[in-house]
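A.B. asks: Starting from these lines, generate the structure:
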Amino acid sequence: MYYPRSFLKFILLGFLLVSLPLLYALAELTLSFDRLVSQSRDEVLQTSQAARTSRQLFEQTATLERVVRQYLILEDHALVDDYNRLRQDFRGSVRQLAQLPLEPAYHEALTRLGERETGLHALLMAGPKAGTAPVELAEGYGRLVDDAQTMLTASNALTQTAIERLQQTASEGRDKWRWLALATGGIALALAILFAVLIARPIRQLEGAIRQMGSADFSRAIEVNGPEDLRYLGQRLEWLRTRLSELEQQQNRFLRHVSHELKTPLTAVREGAELLRDEVGGKLNKEQRDIVRIVRENTLSLQKLIEDLLKYHQTRAFEPATLGPVMLGDVVRRVIREHKLAALARGVTIDQRLEPALVVGEADQLRTIIDNLVSNAIKYAARAGRVEIRTWQEGGQAHVEVTDDGPGVDADERERIFDSFFQGRAKTGARVKGSGLGLAIAREYALSHGGQIGVHARREGKRGACFRLSLPQGAPLDALTTITGEARAASSAGDAS
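C.D. replies: Purely as a prediction, here's the structure:
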């Protein structure tokens, strides 16, 4: 597809091409209207001339009859001279009517009218006193008046014919204009759709490129088709993508190296703090134990931050490697057992309603998602409060919902809470401060499994936070029942042991 150098020129070209069929239709409509107006004018002139001439002919014929009758009575030769002058006008009217598009029958009647008047004129010039000439002249001119009356009817017929021709022309023009409007409108619409697609395609490519970079996906090259200025913009975006990809790789290498370099001395510091707390080097007084406790808690916080950084770095390039069926209820039970002591320390009661829910995914990553949700719920729940966990499947998806009765998540933080290193305004009851990476890691894992995670308002306006994980369901219901029974049996056997 040919694109002009400028996007503006391409839009103007599209507008011009879309306008051409409409301009052609407008020009054709104007010409057709002009032709109809010209035909109407000609028809009106002809019919008005025919009516005027036929009326003059009738009046002239009646005048000739009257002059002849006067001559037959008065025998005044001056009346013959008047007759000859009137006869010239009569012949001129006959010639004018003969030039009009009359019907053949009326043309024949007009010819007979002229011939009859010629014969009567010859009889008049021969002398009306001989024999039966006066009677023939009187009767002949009477019939001549009747023939002139017929020409009035001919003019009316010509008017009716002109009206019919105009109606037919208007009807044909209307049909032609209708089909012309449909054809040109269809062509203009097709061209408009074509140019809309061609104009929208590079814009969609630019939008997709911006969204791609906004989601930190630098793996696919950016290519924009279209006018030269948009292609140049696409090339600049491709340069930006390459630069951001290089910066991200540098950042990942930096995080990986720094995290590993920090873990070794941190492990030694933590082990030393543990030895001091266990009084391996001797008895500690109260002030020394407080110092050891502060050192130990801060080393734990720093260790968790480093581990979260390493884990977050791994999620940036995560693709589930070991996929298999995972019972979400089993994962929830395992996580609850791991957090049992933390819940007891804060007096938090954990209620669980675990309906069968099976997905296909990587078990460790799914455990990490649920572990982050449950640990957050225990940290932010009120002391001696309650945490509710339930699983179910609905509409082809498996769901895990974790709610607590803590301060909840403000409406303006519900989207940002999944950003890296973001920590909300709500206060936690835990001693070790979080890194702000747990929910970011959970979202990365959920998206990698084709699911989503979000914050929802609690039902019935209750206080607290409600996190819901939704993943594509991995098995039909009949297979799910069998797997659920086996999983529960295995779980019961494990608890009994």
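A.B. asks: ok, now how distant is V359 from I441?
C.D. replies: Between V359 and I441 the computed distance is 18 Å (C-beta to C-beta, to the nearest Å). Every C-beta, even on glycine, is put in place using the N, C-alpha and C of the backbone.
A.B. asks: same question, W179
C.D. replies: Distance from W179 to I441, by C-beta to C-beta: 66 Å.
A.B. asks: more neighbours, those two?
C.D. replies: I441 (25 against 10; other C-beta atoms under 10 Å).
A.B. asks: Show the residue spans covered by the helices in the stretch 251-400 of the chain.
C.D. replies: 286-315, 328-338, 340-346, 363-380 (DSSP state H, counting those that start in this stretch).
A.B. asks: Can you lay out these as CSV showing distance to E164?
C.D. replies: Listed next are the helices of the stretch 251-400 of the chain as CSV, based on distance: least, C-beta to C-beta, whole Å:
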stretch, distance to E164
helix 286-315, 86
helix 328-338, 85
helix 340-346, 100
helix 363-380, 86
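A.B. asks: winner for burial among those?
C.D. replies: Among those, helix 363-380 has the highest mean neighbour count (mean count of other C-beta atoms under 10 Å), at a mean of 22.
A.B. asks: For the closest residue to H449 other than its chain neighbours, which residues count as its bridge partners?
C.D. replies: Excluding the flanking residues, the one nearest H449 by C-beta to C-beta, 6 or more residues apart in numbering is G361, at 4.7 Å. For G361, the beta-bridge partners are G324 (DSSP bridges).
A.B. asks: What backbone torsions are found at P101?
C.D. replies: Dihedral pair for P101: phi -80, psi 70, per degrees, to the nearest 10.
A.B. asks: cool, and R220?
C.D. replies: Main-chain torsions, R220, degrees, to the nearest 10: phi -100, psi 140.
A.B. asks: Please apply the same query to the one 3 residues further on.
C.D. replies: Torsion angles at E223 (phi, psi; degrees, to the nearest 10) stand at phi -140, psi 130.
A.B. asks: Check the gap between it and T47 for me.
C.D. replies: Separation of E223 from T47 (C-beta to C-beta) stands at 72 Å.
A.B. asks: Look at the two and report which has more neighbours.
C.D. replies: Applying other C-beta under 10 Å to E223 and T47 shows that T47 carries more neighbours, namely 19 against 12.
A.B. asks: ok, back up a step: looking at the helices of the stretch 251-400 of the chain, which has the lowest confidence?
C.D. replies: Sorting these by mean pLDDT places helix 286-315 lowest, at a mean of 74.
A.B. asks: by contact count, what packs against that helix?
C.D. replies: helix 228-277, helix 438-448 (3 or more C-beta pairs under 8 Å, 6 or more residues apart in numbering; DSSP states H and E).
A.B. asks: Specify the angle between the longest one and helix 286-315 in degrees.
C.D. replies: Interaxial angle of helix 228-277 relative to helix 286-315 (axes from the mean of the first three to the mean of the last three C-alpha atoms, to 10 degrees): 150 degrees.
A.B. asks: next one: the last one
C.D. replies: For the pair helix 438-448 and helix 286-315, the angle between their directions (the same axes, to 10 degrees) equals 20 degrees.
A.B. asks: Assess the claim that D351 and R386 are in contact.
C.D. replies: Yes: taking C-beta atoms under 8 Å as the definition, D351 is a contact partner of R386 at 6.4 Å.
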